[in-house]
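> sharing a sequence plus its predicted fold:
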Amino acid sequence: MTDIAPRFPESFLWGGATAANQIEGAYAEGGKGLSIQDVTPQGIMFDRVDGPTADNLKLEAIDFYHRYAEDIALFAEMGFKVFRFSIAWSRIFPLGDEETPNEEGLAFYDRVLDELEKHGIEPLITLSHYETPLHLAEKYDGWVNRDLIGFYERYARTCFESYGDRVKYWLTFNEINSVLHIPFGSGGINTPKSELSEQDLYQAIHHELVASARVTRVAHEINPAIKVGCMVIAMPIYPLTTDPDDVVAVMNADHANLMFSDVHTRGEYPGYAKRFFRDKGVTLNITDQDVEDLKNTVDFVSFSYYMSICETADPSVKADGAGNIMGGVPNPRLASSEWGWQIDPQGLRVILNQFWDRWQKPLFIVENGIGAKDRLVEVDGVKTVEDDYRIAYLNDHLLQVAEAIEDGVDLLGYTMWGPIDLVSASTAQMSKRYGFIYVDRNDDGTGSLERYKKKSYHWYADVIRTHGASLQA
Ligand code: BGP
């Protein structure tokens with residue numbers, strides 16, 4: 001599968017990635033307000049409910065809020081160089097539109113940063129990971145409303161001023177292109193998707209892009225050493241057949257996704273986007289200030305990678321593949337995970353090259369992994385999980401990352417998704433496990449919350465220690 005002996009640079013940032021709503025719990029502690037996660041008990045792909053309900057696993061999640069020191073120590077023991085986590089916006093601004101922040105919320109992340117510093121782990125912070133304060137969704141219809149730019153700027157400024165001297169790497173919006181598919185989960189847009197006009201959807205996207213660019217400038221003003229990245233779902237799209245119509249369909253589907261990072265990296269809308277808006281009859285309200293703001297381009301491009309999909313112009317073919325927020329036409333040549341996500345290690349090399357060729361900005365893989373059903377067993381009196389399937393998935397993907405580095409891609413690091421089992425974003429299950437560390441919690445909410453090291457825990461520690469030389473070609 002690979003011709004090279006994998007060897008990653010000494011400076012490579014190895015680690016893991018999480019999001020506040022999937023690990024912290026303590027949803028109503030420390031002055032935190034409600035977020036859109038507190039009303040989506042079935043996961044962000046599903047409709048919201050009226051308020052927090054007992055069946056919502058995210059309300060307690062894996063209790064990182066109280067156990068962060070223990071968890072960070074476990075990451076450190078694996079040799080983590082970086083830990084990606086998000087700040088819950090509603091911990092800092094419980095409603096989202098207040099003038100002053102919640103000091104108790106700020107103090108919590110200070111404690112997390114202290115712990116990371118103690119272990120020499122670099123933080124990588126996502127400002128908004130599907131966690132819009134609920135009040136902003138209900139009162140303003142989320143990002144459809146231009147006022148969100150100001151609220152987000154205030155929130156981001158507060159974070160940069162509080163932590164900007166100890167946090168170098170920041171991401172503005174998790175998987176910003178997901179708003180096309182989950183307007184409530186991603187953009188806090190309370191209008192049901194079926195009633196949301198394309199005009200409002202793209203105006204909301206515009207507001208997010210402006211906000212992202214504006215806070216990139218703010219970050220650099222506060223501390224020029226800060227590096228701000230965008231974050232997108234990366235999904236290579238293959239033509240289902242060699243029919244040129246399928247290739248054009250791929251081009252269009254690519255454009256719909258790439259537009260986000262094209263704006264982030266170029267500082268303006270690309271030509272194909274202008275045509276797309278014209279064809280759709282969408283007229284964006286773009287102010288002179290917006291045009292100026294957008295010129296603040298990102299320092300690096302980060303992305304999640306789980307799978308590739310196919311595209312075709314043939315309307316009789318169903319795009320019914322399961323997937324990370326956006327599904328697609330399944331690839332007949334690929335196997336799938338237990339949740340139907342197709343497994344394609346080479347797609348990661350393809351996307352790394354495509355992104356590098358296109359933007360020539362440093363890249364950061366900030367999510368990659370496999371959700372699987374694990375079985376806790378006892379080996380020599382120690383509870384563990386023999387997760388060879390997870391090791392195989394990560395091994396094969398990392399080999400392709402090594403290939404891409406060999407291809408000349410400038411890659412800052414790799415944070416595997418969910419280094420500790422957490423609540424799934426799309427299905428809100430505990431049983432869809434990603435971690436190197438098993439957390440004793442079940443889908444019905446029972447469990448001791450005890451942590452156990454899986455076989456992959458020791459495997460990843462070796463990969464980091466050997467700079468990838470222990471990977472099996
Ligand atoms: C991404 C999200 C993450 C994460 C991951 C895995 O879309 O950024 O929050 O959860 O997908 O998805 P899931 O949890 O649905 O398996």
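Perfect, I can see it now. Residues are numbered from 1 along each chain as shown.

> pull out the buried residues from stretch 285-295.
D290, D293, L294 (16 or more other Cβ atoms under 10 Å). For the C-beta atoms, the positions are set from N, CA and C on the backbone; glycine is no exception.

> give me the residues contacting it.
R146, Q203, H206, L209, V210, A213, R214, R217, V263, G267, E268 (Cβ atoms under 8 Å, 6 or more residues apart in numbering).

> let's see 10 Å
With Cβ atoms under 10 Å, 6 or more residues apart in numbering as the test, stretch 285-295 has contacts from 146, 149, 153, 199, 203, 206-207, 209-217, 263-264, 266-269, 284.

> can you say which of those are buried?
For those, a neighbour count by 16+ other Cβ under 10 Å gives the buried set as 146, 149, 153, 199, 203, 206-207, 209-217, 263-264, 267, 269.

> please, where are all the helices along the stretch 151-300 of the chain?
When assigned using DSSP state H, counting those that start in this stretch, the helices of the stretch 151-300 of the chain occupy the ranges 183-187, 198-222, 244-266, 271-280, 288-294.

> now do the third one against helix 271-280: the angle between them, please.
So the one you mean is helix 244-266. Relative orientation of helix 244-266 versus helix 271-280 (axes from the mean of the first three to the mean of the last three Cα atoms, to 10 degrees): 110 degrees.

> alpha carbons only: can I get helix 244-266 in CSV?
Extracted C-alpha coordinates of helix 244-266, given in CSV (Å, rounded to 0.1, in the frame of the first residue of the first chain):
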residue,chain,number,x,y,z
PRO,A,244,-18.0,13.4,-18.3
ASP,A,245,-21.4,14.4,-16.9
ASP,A,246,-20.3,12.7,-13.7
VAL,A,247,-17.0,14.6,-13.7
VAL,A,248,-18.9,17.9,-14.0
ALA,A,249,-21.2,16.8,-11.2
VAL,A,250,-18.1,16.2,-9.1
MET,A,251,-16.8,19.7,-10.0
ASN,A,252,-20.0,21.3,-8.8
ALA,A,253,-20.2,19.3,-5.6
ASP,A,254,-16.6,20.2,-4.9
HIS,A,255,-17.2,23.9,-5.4
ALA,A,256,-20.1,23.8,-3.0
ASN,A,257,-17.7,22.6,-0.3
LEU,A,258,-14.5,24.3,-1.3
MET,A,259,-16.2,27.7,-1.4
PHE,A,260,-15.8,28.1,2.3
SER,A,261,-12.0,27.6,2.4
ASP,A,262,-11.6,29.5,-0.9
VAL,A,263,-13.1,32.5,0.9
HIS,A,264,-11.1,31.9,4.0
THR,A,265,-7.8,31.6,2.2
ARG,A,266,-8.2,34.0,-0.7
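
> rounded mean pLDDT for that helix, please.
On average, the pLDDT along helix 244-266 is 97.

> likewise for the first one?
With pLDDT averaged residue by residue, helix 183-187 scores 98.

> other SSEs contacting it?
For helix 183-187, the elements it packs on are helix 198-222, judged by 3 or more Cβ pairs under 10 Å, 6 or more residues apart in numbering; DSSP states H and E.
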